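S.K.: sequence-free structure coming up:
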């Protein structure tokens with residue numbers, strides 16, 4: 001068995017193993033490219049090492065490009081679109097102020113987190129509804145409920 005054939009099999013297996021250890025579909029496509037070069041070297045045994053490496057690099061780029069444009073562009077509708085968007089989950093919620101809103105700003109504790117809020121000046125104990133987020137995404141806009 002020739003060393004270049006063994007090398008491409010080893011490269012493919014190592015890339016597949018790396019994909020199994022750190023999934024992300026990047027190494028998978030490089031492993032597929034190494035497998036394709038392995039098959040090509042078996043079918044065309046007089047292929048130079050330079051051409052083999054060039055084919056591997058080209059196939060890697062092409063396969064990763066196809067993966068990124070085709071497979072990742074498929075819409076993935078989530079059954080929980082607000083899962084990791086905590087501030088967005090709070091919009092619409094009614095809360096009682098534990099600090100007065102002075103000059104349009106205050107802090108409030110919701111569940112286990114302190115949030116900056118903005119809205120009209122209101123005394124402690126007022127019920128407010130969270131209506132939106134500021135552009136920074138960390139300040140909740142409130143209005144009297």
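M.R.: The structure has been received and is ready for your questions. If you're wondering where the values come from, they're calculated on a predicted model, not measured in any experiment. Residues are numbered from 1 along each chain as shown.
S.K.: burial of residue 112, as a residue count?
M.R.: 5 (other C-beta atoms under 10 Å). Backbone N, C-alpha and C define where each C-beta goes, glycine included.
S.K.: And the strands in this protein?
M.R.: Secondary structure of the chain, counting by DSSP state E: strands at 94-96, 105-110, 113-118, 127-133, 139-144.
S.K.: In CSV: these, plus mean neighbour count and distance to residue 5.
M.R.: Formatted as CSV, those follow (neighbours: other C-beta atoms under 10 Å; distance: least, C-beta to C-beta, whole Å):
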stretch, mean neighbour count, distance to residue 5
strand 94-96, 13, 68
strand 105-110, 15, 62
strand 113-118, 15, 58
strand 127-133, 17, 58
strand 139-144, 17, 62
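S.K.: nearest to residue 30, of the ones you listed?
M.R.: Of all the strands of the chain, strand 127-133 sits nearest to residue 30, with 40.5 Å by C-beta to C-beta.
S.K.: I'd like the distance from the closest one to the chain centre, please.
M.R.: 29 Å (C-alpha atoms, centre = their mean, to the nearest Å).
S.K.: In terms of secondary structure, what does it contact?
M.R.: helix 86-90, strand 94-96, strand 139-144 (3 or more C-beta pairs under 8 Å, 6 or more residues apart in numbering; DSSP states H and E).
S.K.: domains of the protein?
M.R.: The record's domain parsing of the chain by automatic domain parsing lists 3-71, 86-144.
S.K.: okay if I get the helices and strands packed on strand 127-133 as a markdown table plus mean pLDDT and distance to residue 22?
M.R.: Formatted as a markdown table, the helices and strands packed on strand 127-133 follow (pLDDT from 0 to 100; distance: least, C-beta to C-beta, whole Å):
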| stretch | mean pLDDT | distance to residue 22 |
| --- | --- | --- |
| helix 86-90 | 81 | 28 |
| strand 94-96 | 93 | 42 |
| strand 139-144 | 93 | 37 |
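S.K.: Right, I'll call it a day here.
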